[in-house]
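# quick one, what's the 3D model for this:
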Amino acid sequence: MESFDPAELPELLKLYYRRLFPYSQYYRWLNYGGVVKNYFQNREFSFTLKDDIYIRYQSFNNQSDLEKEIQKMNPYKIDIGAVYSHRPSQHNAVKLGAFQAQEKELVFDIDMTDYDDVRRCCGSADICSKCWTLMTMAIRIIDRALKEDFGFKHRLWVFSGRRGVHCWVCDESVRKLSSTVRSGIVEYLSLVKGGQDVKKKVHLSEKIHPFVRRSINIIKKYFEEYALVDQDILENKESWDKILALLPENILFCRISVPIDLQKVDQFDPFTVPTISSICHELDVISTNENEIAENEAESDIKHRTKDYKKTSLAPYVKVFERFLENLDKSRKGELLKKSVEIGYNPGGMAIDSPYCFQKLRLLTTMFSLTWWPTLML
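Predicted coordinates:
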């Protein structure tokens, strides 16, 4: 893996944002088909620049405006905020109290530091392949609950680029949830409670909840190798006491934030995720071999940007993101068809109330529908 020199970061970011960042997929995700007027325009973005300069209330008319501003600012970090009642960039011109958040994806942020009590190999911001098993278990447990217990369909899991993972739940109904409901979902998934000064953080009732029982079954698959071999929790009395106390009576990675394929979550290795310097180096090698000149010409930049990431180790991660978007699009089209049928939309003059005709309409629509980045975390 190419080594990273922080002094080179500003120049690497320029290259990354000009030729590698997947703008079209990014816009396609956050625009959600453009079904709701001004949906993307009312979305807040915030940028963290060099020297921790933080800029809020950024909003854009379209993909082109977003590209131009990102390439102008070259942010070290991009955060995606809520969709507001008015354009965030104009929030100061709105009547006091009228500027309100309307929608936001449900986002879970899982940080390796939350597991310091049950890992001995690393601490604080450090991670290694041994303790990454904890992230694998967390993904499997939470994703299953979100799918089976809550029925959420569109779940995008992303490696943060540092020491954890994020899950973005993007179902339309979820984006409209109130703060109270969101807190209830988090509470349902929370088992370990208490701060640093609380020793016994897990309290189980006599009747174990099905969610907890399922979680235990997932953990059993990993426990022996992780706890007894990798972490060696029985090595000495100090280790025993630390584990028993839990039971009831800034190093920067500078890797790209990438989607995680749930079908291959056991094989995901955060240490193979490309760094910004490694993919920029890949691009330099490719450019040299292919004699790709005129990098400073605007037309050439646009042409290259649509395909450059495909030539690098970023390509498989963008494919995972595109599969997520395809499922999102199919679901949205299915909902639109359902709504059109409910209000009596009648293409071709067929009788909508006929079960046969409805099935035929659904089949035709399905046939047609079949033909039809994540942020940089440093």
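# wait, what's in contact with the residue lying closest to L106 once chain neighbours are set aside?
In this structure, L106 finds its nearest non-sequential neighbour in V169, 4.1 Å apart by C-beta to C-beta, 6 or more residues apart in numbering. The C-beta positions use only the backbone N, C-alpha and C, and glycine is treated the same way. Neighbouring residues of V169 by C-beta atoms under 8 Å, 6 or more residues apart in numbering: 105-108, 146, 152, 154-156.
# where's V169 relative to Y317, distance?
For V169, the distance to Y317 equals 20 Å [C-beta to C-beta, to the nearest Å].
# now the residue lying closest to K77 once chain neighbours are set aside. Its backbone dihedrals?
Spatial nearest neighbour of K77, excluding adjacent residues (C-beta to C-beta, 6+ apart): T48 at 3.9 Å. When read as degrees, to the nearest 10, the backbone of T48 gives phi -110, psi 120.
# buried ones in stretch 324-343?
Using 16 or more other C-beta atoms under 10 Å as the test for burial, stretch 324-343 gives 324-325, 328, 332-333, 337, 341.
# kindly report the same for stretch 64-84.
So for stretch 64-84, counting by 16+ other C-beta under 10 Å, buried means 66-67, 70-71, 73-78, 80-84.
# of these, which belong to strands?
Among those, DSSP state E puts 77-78, 80-84 in strands.
# from those, which is closest to V35?
V83 (12.5 Å; C-beta to C-beta).
# who's that closest one bridged to?
R43, E103 (DSSP bridges).
# how is this protein carved up into domains?
1-102, 105-249, 253-287 (the TED database).
# tell me the mean pLDDT over the shortest one?
Read it as domain 253-287. Across domain 253-287, pLDDT averages out at 85.
# the helices in the stretch 1-150 of the chain, which residues?
9-19, 23-31, 63-73, 132-148 (DSSP state H, counting those that start in this stretch).
# what is the least confident helix or strand in the chain?
Taking mean pLDDT, DSSP states H and E as the measure, the chain has helix 355-371 as its least confident helix or strand, at a mean of 34.
# okay, now W157: neighbour count?
23 (other C-beta atoms under 10 Å).
# could you report the pLDDT at it?
97.
# picking that back up, just the buried ones from the contacts of V169?
By 16+ other C-beta under 10 Å, those give 105-106, 108, 146, 152, 154-156 as buried.
# low-confidence ranges in the stretch 151-300 of the chain?
194-201, 204-206, 246-254, 287-300 (pLDDT under 70).
# identify the bridge partners of the most centrally placed residue in the chain.
Centroid check for the chain by C-alpha atoms, centre = their mean gives V158 as the closest residue, at 3.8 Å. Beta-bridge pairing for V158 (DSSP bridges): H166, P259.
# from memory E105 sits against S173, does it?
No: with contact defined as C-beta atoms under 8 Å, E105 does not reach S173; the gap is 11.6 Å.
# low-confidence ranges in the stretch 1-150 of the chain?
Filtered on pLDDT under 70, the stretch 1-150 of the chain yields the residue ranges 1-4.
# what are the ranges of the helices in the stretch 201-350 of the chain?
Going by DSSP H, counting those that start in this stretch, the stretch 201-350 of the chain shows helices at 210-223, 237-244, 276-289, 298-305, 315-342.
# nearest to R255, of those?
helix 276-289 (7.9 Å).
# and the closest one, what's buried?
Quick answer for helix 276-289 (16+ other C-beta under 10 Å): 276-283, 287.
# now the residues you listed as JSON lines including distance to L96?
Putting these into JSON lines (distance: C-beta to C-beta, whole Å) gives the following:
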{"residue": "I276", "distance to L96": "41"}
{"residue": "S277", "distance to L96": "46"}
{"residue": "S278", "distance to L96": "48"}
{"residue": "I279", "distance to L96": "45"}
{"residue": "C280", "distance to L96": "46"}
{"residue": "H281", "distance to L96": "51"}
{"residue": "E282", "distance to L96": "50"}
{"residue": "L283", "distance to L96": "48"}
{"residue": "S287", "distance to L96": "52"}
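# quick revisit: T312: which of the helices of the stretch 1-150 of the chain is closest?
helix 9-19 (9.6 Å).
# going by contacts, tell me the helices and strands next to that closest one.
Applying 3 or more C-beta pairs under 8 Å, 6 or more residues apart in numbering; DSSP states H and E, we find helix 9-19 packed against helix 63-73, helix 276-289, helix 298-305.
# quick one, it and strand 77-84 angle?
Helix 9-19 and strand 77-84 are oriented at 50 degrees to each other (axes from the mean of the first three to the mean of the last three C-alpha atoms, to 10 degrees).
# quick one: helix 9-19 to helix 276-289, angle?
Interaxial angle, helix 9-19 versus helix 276-289 (the same axes, to 10 degrees): 60 degrees.
# and the angle from helix 9-19 to helix 63-73?
Interaxial angle of helix 9-19 relative to helix 63-73 (the same axes, to 10 degrees): 160 degrees.
# now helix 9-19 - C-alpha only, PDB.
The C-alpha trace of helix 9-19 is given here as PDB (Å, rounded to 0.1, in the frame of the first residue of the first chain):
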ATOM      1  CA  LEU A   9      -2.800  15.900   0.900                       C
ATOM      2  CA  PRO A  10      -3.900  19.300  -0.700                       C
ATOM      3  CA  GLU A  11      -2.600  18.300  -4.100                       C
ATOM      4  CA  LEU A  12      -3.900  14.800  -3.800                       C
ATOM      5  CA  LEU A  13      -7.400  16.100  -3.000                       C
ATOM      6  CA  LYS A  14      -7.400  18.300  -6.100                       C
ATOM      7  CA  LEU A  15      -6.700  15.200  -8.300                       C
ATOM      8  CA  TYR A  16      -9.100  13.000  -6.400                       C
ATOM      9  CA  TYR A  17     -12.000  15.500  -6.700                       C
ATOM     10  CA  ARG A  18     -11.200  16.300 -10.300                       C
ATOM     11  CA  ARG A  19     -10.900  12.800 -11.700                       C
END
